[in-house]
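**Student:** sharing a sequence plus its predicted fold:
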Amino acid sequence: MTSNSRRSGRAWIITPGLHEDRFATARKSGAAVAVVDIEDSVALPDKQTARTASEAFFAHPDPPCTLGIRMNSLTTLDGIKDLAALAAYTARPDLIVVPKVESPRDIELVAAVLDADGYTPDIWALIESPRAFDTLPAIMRAPRLGGVLFGSADYAASVRCGLGWDTLHYARSALINAATAANIPAIDAPTWELDDPGILRRDAERAKEIGFYGKGCVHPRHVQVINEVFTPSTEEIAQARAIVAAANASGGTVTTVDGQMRGTPFFNRARALVADTDRTS
């Protein structure tokens with residue numbers, strides 16, 4: 001996760017760059033990361049207005065969360081204009097989300113333009129096309145890549161498939177595998193059903209189960225559910241500590257915990273959870 005992260009939650013909230021009246025709500029939503037969007041939520045004629053207005057999103061000392069921006073694709077003129085504008089911002093984002101990444105050069109270009117003395121923003125890739133999945137290993141090797149996000153809507157539109165969990169299970173699993181191999185976090189796409197908390201919770205639980213670090217959302221009321229799902233429960237932490245204790249007692253050899261066989265993979269996972277819990281508590 002970004003070194004600038006100020007919260008231990010796992011929700012990312014995305015808010016449109018044209019709606020300045022929503023900026024404060026997004027920042028104070030309880031999300032770990034709040035991202036102002038000047039890409040998909042902004043129509044072409046309004047890009048410059050959103051580009052200018054979005055600087056105000058970052059003009060607050062000591063915000064309660066990491067603040068980011070989703071720029072336009074680098075294959076568009078607006079993406080190039082975004083980079084020039086971001087380089088001139090007085091109040092700068094902690095994190096840059098680069099959409100439609102299909103090459104490590106996208107990440108390298110953003111870093112080359114924006115990195116400066118005392119400022120190296122986290123750069124995250126939005127993976128949302130079949131070509132991106134074909135080049136995932138190369139993208140993951142980009143030195144300045146901080147993490148990846150799954151763009152389910154654009155991916156589904158590209159392959160002309162549905163947005164159901166089963167339909168996109170392969171894409172999600174492929175992204176998790178590549179991100180884990182590169183030792184970087186992956187964030188799941190938002191749940192597009194806004195008014196059914198049961199669907200949101202089920203989606204978040206599935207995302208956690210297959211290895212996502214967190215989940216995006218487009219409405220503040222989704223933040224609490226996502227944070228609840230991705231925060232280890234008291235029972236999960238207690239079980240992890242019991243496994244670590246058993247591993248230490250057995251000298252690292254196979255043992256049993258609550259009637260279940262446990263060995264090195266379980267020990268490593270439990271130690272990682274305990275370390276993460278102790279670090280964020």
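**Tutor:** Alright, I've got the coordinates. The shown structure was predicted, so the numbers you read here are calculated from the model rather than taken from an experiment. Residues are numbered from 1 along each chain as shown.
**Student:** helices of the chain, start to end?
**Tutor:** With DSSP state H as the criterion, the chain has helices at 23-27, 47-53, 77-88, 104-114, 130-134, 136-140, 152-159, 169-181, 197-210, 223-230, 234-250, 264-280.
**Student:** compute the inter-axis angle for the helix or strand bottoming out on mean pLDDT in the chain and helix 234-250.
**Tutor:** Across the helices and strands of the chain, mean confidence by mean pLDDT, DSSP states H and E is lowest for helix 264-280: a mean of 71. Interaxial angle, helix 264-280 versus helix 234-250 (axes from the mean of the first three to the mean of the last three Cα atoms, to 10 degrees): 120 degrees.
**Student:** tell me what helix 264-280 is packed against?
**Tutor:** The elements that helix 264-280 packs onto, with contact taken as 3 or more Cβ pairs under 8 Å, 6 or more residues apart in numbering; DSSP states H and E, are helix 234-250. In short, each C-beta sits where N, CA and C put it, glycine included.
**Student:** mind listing what's buried in the helix it packs on?
**Tutor:** 237, 239-241, 243-244, 246-247 (16 or more other Cβ atoms under 10 Å).
**Student:** same deal with stretch 66-79?
**Tutor:** By 16+ other Cβ under 10 Å, the buried positions in stretch 66-79 come out as 66-74, 76, 78-79.
**Student:** quick one: terminal-to-terminal distance for it?
**Tutor:** One end of stretch 66-79 to the other measures 22 Å (Cα to Cα, to the nearest Å).
**Student:** stretch 74-94 now?
**Tutor:** For stretch 74-94, the end-to-end distance is 19 Å (Cα to Cα).
**Student:** follow-up on the earlier one: now find how far off-centre the least confident helix or strand of the chain is within its chain.
**Tutor:** Distance of helix 264-280 from its chain centroid, counting by Cα atoms, centre = their mean, to the nearest Å, is 21 Å.
**Student:** export that helix as PDB, just CAs?
**Tutor:** Written as PDB, here are the backbone C-alpha positions of helix 264-280 (Å, rounded to 0.1, in the frame of the first residue of the first chain):
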ATOM      1  CA  THR A 264       4.800 -23.900   6.400                       C
ATOM      2  CA  PRO A 265       2.300 -22.200   4.000                       C
ATOM      3  CA  PHE A 266      -0.100 -21.800   6.900                       C
ATOM      4  CA  PHE A 267       2.700 -20.500   9.200                       C
ATOM      5  CA  ASN A 268       3.700 -17.900   6.600                       C
ATOM      6  CA  ARG A 269       0.200 -16.700   6.000                       C
ATOM      7  CA  ALA A 270      -0.500 -16.400   9.800                       C
ATOM      8  CA  ARG A 271       2.800 -14.500  10.400                       C
ATOM      9  CA  ALA A 272       1.900 -12.100   7.600                       C
ATOM     10  CA  LEU A 273      -1.500 -11.400   9.100                       C
ATOM     11  CA  VAL A 274      -0.200 -10.900  12.600                       C
ATOM     12  CA  ALA A 275       2.600  -8.600  11.300                       C
ATOM     13  CA  ASP A 276       0.100  -6.500   9.400                       C
ATOM     14  CA  THR A 277      -2.300  -6.400  12.300                       C
ATOM     15  CA  ASP A 278       0.400  -5.300  14.700                       C
ATOM     16  CA  ARG A 279       1.700  -2.700  12.300                       C
ATOM     17  CA  THR A 280      -1.700  -1.000  11.700                       C
END
